[in-house]
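Asker: the following block contains a protein sequence and its predicted model.
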Amino acid sequence: MKALPETIIPGQPITALAPMQDVTTLPFMRVIGQCGAPDFFFTEYFRVHSTSTLETHILSSITDHSTGRPVFAQLIGESLPDLERTVALLKPYPTAGIDLNMGCPAPKVYKKNVGGGLMRDPDKVEGIFECLRNAVEGRFTVKMRIGFDSTEHYERILDLVNQYEIDLLSVHGRTVKEGYRSEVHYDFIKVAADQCHCPVLANGNILSAEKAADVLNYTGCAGVMIGRHAIRNPWIFRQIREYLSGVAMFVPELQDVRIYVDWIFDATNEPDLSESRHLGRMKKLLNFVGLGVDPEGEFLRTMRRAKTRQELLSICDTYMVDDSQASQPFALEPYDGLVARPNCEVPHQPGTLRAALLG
């Protein structure tokens, strides 16, 4: 196995921004960098198939990166010749490694037997691991879930991780079919940390610095990977470093969140992008941000009804800077009972996961 890049604070557990399609773009990575970069970034996935090329907008998040932190290039696919070809295309670029997506839970993805769909077929996984281990000259990493609709293949795939000397494994502690609707099964992540020879990152519902510390202590993982809760709280990686160092932790105020809104407004905009599409992108991200704005969820309900970009920004002003709101603290964890996507997630219930981890 190959050594991983050094963390920002040497010796501390690894923090990583999870790859999220249509979210972890170059502009968004730069926004996260302004708030406190993670140790590692992972790109959106490069689609790999018979006619695929390197998507230029994803490639730019490697070539034009400005945070100073290493970037891993993620691939999604199952065609061995095309995976090998794509690795060769990426060789000239300054990637920290090649990451294989085995966790995407979107039906349109797993129905093509890629992403999370691979968790159904350990024999196919073995073929891909062998192909990529031979093709990748540098670090070869994997992001996976604990199964497709059950965990029957989990131990076999962990054995393959060891057999093919994977350099870093990120485990989202739910099955593909569970999506984001269940609690996270940290006990399965602990199994991976105990059994795998490589460092393991815990992924799934890491919603605060305190929660990160609890998960690290329970699982014995080398670090944490955070996705949706880094959208909600882009300071979370900085907070984790401060919390683990025992120093005063930065707690953003709503006026800081309002500045963040402007940053993601710019990050989600593109030349010739229609107002309706830009509004949709903003609402997608603000669905997460809103979990920490007010406990009643009024910002979320009002924001979702906005018809124009200006109306949306005015709503942000109302709830984040007007009438003495500016100096109010932004919640470190989502408020009780609020969800970003009602049809996809379970409401946050404080204390239950912490009690489960510690008890």
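Answerer: Great, that's in hand. The model shown is predicted, which means the values in this text are computed figures rather than measured ones.
Asker: and residue 313, what element?
Answerer: helix 309-320 (DSSP states H and E).
Asker: what about stretch 51-58, how long is it end to end?
Answerer: In stretch 51-58, first residue to last residue: 17 Å (CA to CA, to the nearest Å).
Asker: contacts for it?
Answerer: 25-26, 43-47, 73, 77, 82, 86, 89-90 (CB atoms under 8 Å, 6 or more residues apart in numbering). Where C-beta positions appear, they are placed from N, C-alpha and C, glycine not excepted.
Asker: for this structure, which spans come out with low pLDDT?
Answerer: Across the chain, the ranges flagged by pLDDT under 70 are 343, 346, 349-359.
Asker: please parse it into its domains.
Answerer: Here the domain parsing of the chain from automatic domain parsing is 14-245, 254-320.
Asker: contacts only, for residue 133.
Answerer: Counted by CB under 8 Å, 6+ apart, residue 133 has contacts 140, 164-166.
Asker: picking up where we left off before, for residue 345, find the nearest of the domains of the chain.
Answerer: For residue 345, the closest of those is domain 14-245, at 4.9 Å, according to CB to CB.
Asker: how far does that closest one stretch from start to finish?
Answerer: 13 Å.
Asker: and for stretch 225-236?
Answerer: By CA to CA, the extent of stretch 225-236 from end to end equals 11 Å.
Asker: if we can go back for a sec, most tightly surrounded among the domains of the chain?
Answerer: Here the criterion is mean neighbour count by mean count of other CB atoms under 10 Å, and of those the winner is domain 14-245, at a mean of 20.
Asker: hmm, back to that, next step: the contacts of stretch 51-58 restricted to helices.
Answerer: 26, 82, 86, 89-90 (DSSP state H).
Asker: so which two of those residues are the farthest from each other?
Answerer: Checking the ones in helices among the contacts of stretch 51-58 with CB to CB, the most distant pair is 26 and 82, at 24.4 Å.
Asker: any idea how far the residue lying closest to residue 80 once chain neighbours are set aside is from residue 100?
Answerer: Leaving aside its sequence neighbours, residue 80 sits nearest to residue 131 (CB to CB, 6 or more residues apart in numbering; 4.5 Å). Computed as CB to CB, to the nearest Å, the residue 131 to residue 100 distance reads 10 Å.
Asker: ok, now residue 8?
Answerer: Taking CB to CB, one finds residue 8 at 25 Å from residue 100.
Asker: tell me which stretches of the stretch 51-200 of the chain form helices.
Answerer: 56-63, 80-90, 107-110, 122-135, 154-163, 186-195 (DSSP state H, counting those that start in this stretch).
Asker: reformat those helices as TSV; add distance to residue 287.
Answerer: Listed next are the helices of the stretch 51-200 of the chain as TSV, based on distance: least, CB to CB, whole Å:
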stretch	distance to residue 287
helix 56-63	23
helix 80-90	32
helix 107-110	20
helix 122-135	33
helix 154-163	31
helix 186-195	25
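Asker: nearest to residue 268, of the ones you listed?
Answerer: Across the helices of the stretch 51-200 of the chain, closest to residue 268 is helix 56-63 (CB to CB), at 12.9 Å.
Asker: next one: the closest one to chain centre, how far?
Answerer: 17 Å (CA atoms, centre = their mean, to the nearest Å).
Asker: tell me the angle it makes with helix 80-90.
Answerer: 50 degrees (axes from the mean of the first three to the mean of the last three CA atoms, to 10 degrees).
Asker: from residue 19, how far off is residue 170?
Answerer: 9 Å.
Asker: overlap of the contact sets of these two?
Answerer: Counting by CB under 8 Å, 6+ apart, the residues touching both residue 170 and residue 19 are residue 143.
Asker: thought residue 253 was touching residue 331?
Answerer: No. Counting by CB atoms under 8 Å, residue 253 does not reach residue 331; the two are 11.2 Å apart.
Asker: how about the contacts made by residue 292?
Answerer: 232-233, 257, 330-335.
Asker: for these, give me TSV that also has secondary structure and distance to residue 104.
Answerer: Formatted as TSV, the contacts of residue 292 follow (DSSP: H, G, I helix; E, B strand; the rest coil; distance: CB to CB, whole Å):
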residue	secondary structure	distance to residue 104
232	helix	21
233	coil	23
257	helix	29
330	coil	30
331	coil	29
332	coil	29
333	coil	26
334	coil	23
335	coil	28
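Asker: now for these, which pair is the farthest apart?
Answerer: Among the contacts of residue 292, 257 and 333 lie farthest apart (CB to CB), at 14.5 Å.
Asker: residue contacts, the residue nearest to residue 307 when sequence neighbours are not counted?
Answerer: Closest residue to residue 307 apart from its sequence neighbours, by CB to CB, 6+ apart: residue 279 at 7.9 Å. Residue 279 is in contact with 306-309, 312, counting by CB under 8 Å, 6+ apart.
Asker: which members of those residues are the farthest-apart pair?
Answerer: Across those (CB to CB), the longest gap, 9.4 Å, separates 307 and 309.
Asker: rewinding a little: for the residue nearest to residue 307, grab phi and psi.
Answerer: The phi and psi torsions at residue 279 (degrees, to the nearest 10) take the values phi -60, psi -40.
Asker: and it, how far from residue 163?
Answerer: Distance from residue 279 to residue 163, by CB to CB: 48 Å.
Asker: with residue 122 instead?
Answerer: 11 Å.
Asker: repeat that for residue 123.
Answerer: Taking CB to CB, one finds residue 123 at 13 Å from residue 163.
Asker: and for residue 60?
Answerer: 35 Å.
Asker: residue 15 - that's part of a strand, no?
Answerer: Yes. According to DSSP: H, G, I helix; E, B strand; the rest coil, the state of residue 15 is that of a strand.
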